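1. quick one, fold the following:
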Amino acid sequence: MNKNRKHDENEKFIRKEPDERKKPKTPEQNLEELYHWNSPEKRQSSSKSSPEGSCAQKSIVWKKFEREELEIESDWNHPSSSKRFNSSEVVVGNRRKSPELRQSTSNQLPIRGVLRLELDPEKICYFQRNYGVTLNLDARLGRTLGSIREYVNEHSKEFEIFNKQLIIYYKLNKQTDDSRRRKFAIRDQLSVMIHDIFPHGYLAVGGSTVNGCGSNSSDLDLCFGIKPREHLFDKNGNEWGKLISLDYLDNIKFVDYAIETIYDHFENNYKDEFSLIDPVLFARVPVIKLKLKSHRDIEVDININCTAGIYNSHLLHYYSRIDERLPILAAFLKKYLDERCVIQPRHGRLNSYTVVLMIIHYLQCCVDPPILPNLNFLYPAMFDGTTDIEDLKFDQEFPTPLKDIPKNDMTVGELLLGFFDYYANFDYAYDAISMMNGMVFSRDNLGHGNHRFLFYIEEVYDGLTVPKNLTDANDLQDIIRIFKDSRNRVLELNYTPTIDLFLQSLKKADLDRINDEISGENVIIAI
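-> Now for the predicted structure:
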């Protein structure tokens, strides 16, 4: 870092005047500077040598990069085209409302000097008005889309087989009705046990069991929703109904109290029913981990009052019903990225929920025409996060029919390569993703404390980034490298795409079964 750079009283970097600004950097250059500044060696040397060394001590590790002013004007006349929303929300009644913010420049600047494909501004506004999504033009690099199409045309037969393999892999591994029934039976059994001590709560099923992207091997995520009532007492005899207020620490105490109470109840009265009971209090989301002896193959996590996860599962369930390409991509990518150690939330990387959100954003904003609309935009009352969790419905139709989206005929194989390329080139230093508003917005609009999160994908119901553990630049660099390597295996190294090229752990018996299904011509590849 430049030692002569000035700081204001809040220790934020002061932007240069326009005539002093340098040319905009590519995402790769931004990440190189971020990587250098966020490295332990750089933080240590900066804190010793710079008179402003307290910046490093206060975890201000994200350098503010400047871009030069746009020299071209864009005809974005529709009001929604200039609206951006922030994680710094204000609460109006029971709903979160965010301030309007300026649009991310990523929708206006090409990167790497590659000419982007031209999009009619009227088309962009059409999708904003009718589907609530803003196309991210950085995703439409002519080089990448052209390379994918060219490869598919040259290797049409091989790519057709690859598409069939992806579809069959999903169909063989998706959660079966029997698996889903077993998980709901576990929920019902645990609900009876818990209601002995908390009769007014509700045990809700969330996660991959209900979001449409689950497999038979998925864990069972449960949320016990309970409000403090006057008949609940803590160990000191205080009534929780009087003790609990809007105080954050008091609510943490209540969550700990509820988990400890449920754990003690299970241990004292139902110990013979379980093969595992383990309270995990010192976690971002405290849970009880357990396994029933009657269902040893299913691990269960129970959290207290983490209702945002239930609302998210409800939302994802309806996204997965719109287009089957979402759960197909989710099934493959969750397995593949787990093998490549991208999905490792306990080690500061992504969780599987983040990956599903990345797929949804990609299908909303990075393909033309969009494959998925923005359901929060189309049906705000249905997905506003204010319905009691016991009243959420997973089998209802939309209040009004979905508007006809122009058919996007990209295959899952093409979408997969485009996904790898999009997140290999995403400008993590500048841009953030809003799932609520179906768009990319500038990180400049984030609150100061949020810049320690290296990948900001704003969750719908709490307005915070989902991959909160991703704060180490080394991990982000490695994730980007994996995305690039995955893309280059096909587009640059010209390997024949097969599912076992990616899934190294795929057993021969499973691969043979997939290929046998293809030989039987039982696969419809219109997806």
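2. domain ranges for the chain?
-> 18-57, 79-173+325-394+412-519, 177-308 (automatic domain parsing).
3. now render these as CSV, adding distance to Pro401.
-> Just so you know, the C-beta spots here come from the backbone N, C-alpha and C atoms, and that holds for glycine as well. Converted to CSV, the domains of the chain look like this (distance: least, Cβ to Cβ, whole Å):
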stretch, distance to Pro401
domain 18-57, 39
domain 79-173+325-394+412-519, 10
domain 177-308, 20
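4. so which of these is the most packed in?
-> domain 79-173+325-394+412-519 (a mean of 18; mean count of other Cβ atoms under 10 Å).
5. and Arg284, how far is that from Met358?
-> 20 Å (Cβ to Cβ, to the nearest Å).
6. coming back round to it: ok, which of the domains of the chain comes nearest Asp404?
-> Nearest of those to Asp404, taken as Cβ to Cβ: domain 79-173+325-394+412-519 at 9.5 Å.
7. give me the mean pLDDT for the closest one.
-> Averaging pLDDT along domain 79-173+325-394+412-519 gives 82.
8. sorry, back to before: which stretch among the domains of the chain comes nearest Leu402?
-> domain 79-173+325-394+412-519 (6.8 Å).
9. quick one: that closest one to chain centroid distance?
-> When C-alpha coordinates are averaged (Cα atoms, centre = their mean, to the nearest Å), domain 79-173+325-394+412-519 and its chain have centres 8 Å apart.
10. biggest helix in this protein, by residue count?
-> helix 248-269 (DSSP state H).
11. what's the following helix or strand after that one?
-> strand 274-280 (DSSP states H and E).
12. adjacent strands (with direction) for that next one?
-> strand 287-292 (antiparallel) (DSSP bridges).
13. partner strands of the very next helix or strand once past the strand it pairs with, with direction?
-> Using DSSP H and E, the helix or strand that follows strand 287-292 in sequence is strand 300-304. As defined by DSSP bridges, the strand partners of strand 300-304 come to strand 220-225 (parallel), strand 287-292 (antiparallel).
14. those strands: which one's closest to Ser519?
-> strand 220-225 (35.8 Å).
15. list the contacts of Asp278.
-> Ile288, Lys289, Leu290 (Cβ atoms under 8 Å, 6 or more residues apart in numbering).
16. let's see 6 Å
-> Listed by Cβ atoms under 6 Å, 6 or more residues apart in numbering, the contact set of Asp278 reads Lys289.
17. cool, and the one 3 residues further on?
-> Contacts for Leu281 (Cβ under 6 Å, 6+ apart) come out as Asp256.
18. and the gap between it and Asp512?
-> 46 Å.
19. which SS state does the residue nearest the centre of the chain fall under?
-> Centroid-nearest residue in the chain: Thr354, 2.6 Å away (criterion: Cα atoms, centre = their mean). On the three-state scheme (DSSP: H, G, I helix; E, B strand; the rest coil), Thr354 is labelled helix.
20. for the strands paired with strand 300-304, give me JSON lines that also has distance to Gln364 and mean pLDDT.
-> As requested, these are arranged in JSON lines below (distance: least, Cβ to Cβ, whole Å; pLDDT from 0 to 100):
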{"stretch": "strand 220-225", "distance to Gln364": "25", "mean pLDDT": "95"}
{"stretch": "strand 287-292", "distance to Gln364": "31", "mean pLDDT": "95"}
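21. what's the closest of the ones you listed to Asp431?
-> The nearest among these, by Cβ to Cβ, is strand 220-225 at 29.7 Å.
22. and Arg182, how close does it get to Leu276?
-> For Arg182 relative to Leu276 (Cβ to Cβ), the value is 17 Å.
23. Leu454 is in contact with Leu470, isn't it?
-> Yes: Leu454 is within contact range of Leu470, at 5.2 Å (criterion: Cβ atoms under 6 Å).
24. hey, where'd the helices end up in the stretch 101-250 of the chain?
-> 121-131, 142-154, 156-173, 177-194, 240-243, 248-269 (DSSP state H, counting those that start in this stretch).
25. check contacts around His455.
-> I think there's a mix-up here, since residue 455 is Phe and not His. Tyr428, Pro467, Leu470.
26. again, 7 Å this time
-> Going by Cβ atoms under 7 Å, 6 or more residues apart in numbering, Phe455 touches Tyr428, Pro467, Leu470, Leu476.
27. tally of neighbours for Thr400?
-> 8 (other Cβ atoms under 10 Å).
28. confirm it sits in a strand?
-> No: the assignment for Thr400, made by three-state DSSP, is coil rather than a strand.
29. from here on, call the first residue 455.
-> In the new numbering, first residue 455, that becomes Thr854.
30. that one and Arg583: what is the separation?
-> 15 Å.
31. ok, Leu787 next?
-> 31 Å.
32. cool, and Glu753?
-> 45 Å.
33. repeat for Leu947
-> Applying Cβ to Cβ to Leu947 and Arg583 gives a distance of 42 Å.
34. check Glu721 too.
-> 57 Å.
35. on contacts alone, who are the packing partners of the longest helix of the chain?
-> Judged by 3 or more Cβ pairs under 7 Å, 6 or more residues apart in numbering; DSSP states H and E, helix 702-723 is in contact with strand 728-734, strand 741-746, strand 754-758.
36. a markdown table for those, including distance to Pro834?
-> Output for the helices and strands packed on helix 702-723, formatted as a markdown table (distance: least, Cβ to Cβ, whole Å):
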| stretch | distance to Pro834 |
| --- | --- |
| strand 728-734 | 35 |
| strand 741-746 | 31 |
| strand 754-758 | 26 |
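37. check whether Phe895 sits in a helix, strand or coil.
-> strand.
38. kindly state the beta-bridge partners for it.
-> Gln557, Ala886.
39. any chance of the strands paired with strand 754-758 in a markdown table, plus distance to Gln643?
-> Shown next, in a markdown table, are the strands paired with strand 754-758 (distance: least, Cβ to Cβ, whole Å):
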| stretch | distance to Gln643 |
| --- | --- |
| strand 674-679 | 11 |
| strand 741-746 | 7 |
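40. between those strands, which one is closest to Asn942.
-> strand 674-679 (35.2 Å).
41. got the CA positions of the closest one in CSV?
-> C-alpha atoms of strand 674-679 as CSV (Å, rounded to 0.1, in the frame of the first residue of the first chain):
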residue,chain,number,x,y,z
LEU,A,674,-32.2,-33.0,7.7
ASP,A,675,-32.2,-29.3,8.8
LEU,A,676,-34.9,-28.4,11.3
CYS,A,677,-35.8,-25.0,12.9
PHE,A,678,-37.7,-24.9,16.1
GLY,A,679,-39.6,-21.6,16.2
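42. quick one, strands of this structure?
-> Counting by DSSP state E, the segments of the chain that form strands are 544-546, 549-551, 656-660, 674-679, 728-734, 741-746, 754-758, 885-888, 893-896, 911-912.
43. now these as CSV including distance to Leu783?
-> CSV is the format used below for the strands of the chain (distance: least, Cβ to Cβ, whole Å):
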stretch, distance to Leu783
strand 544-546, 35
strand 549-551, 29
strand 656-660, 21
strand 674-679, 21
strand 728-734, 31
strand 741-746, 28
strand 754-758, 25
strand 885-888, 17
strand 893-896, 19
strand 911-912, 16
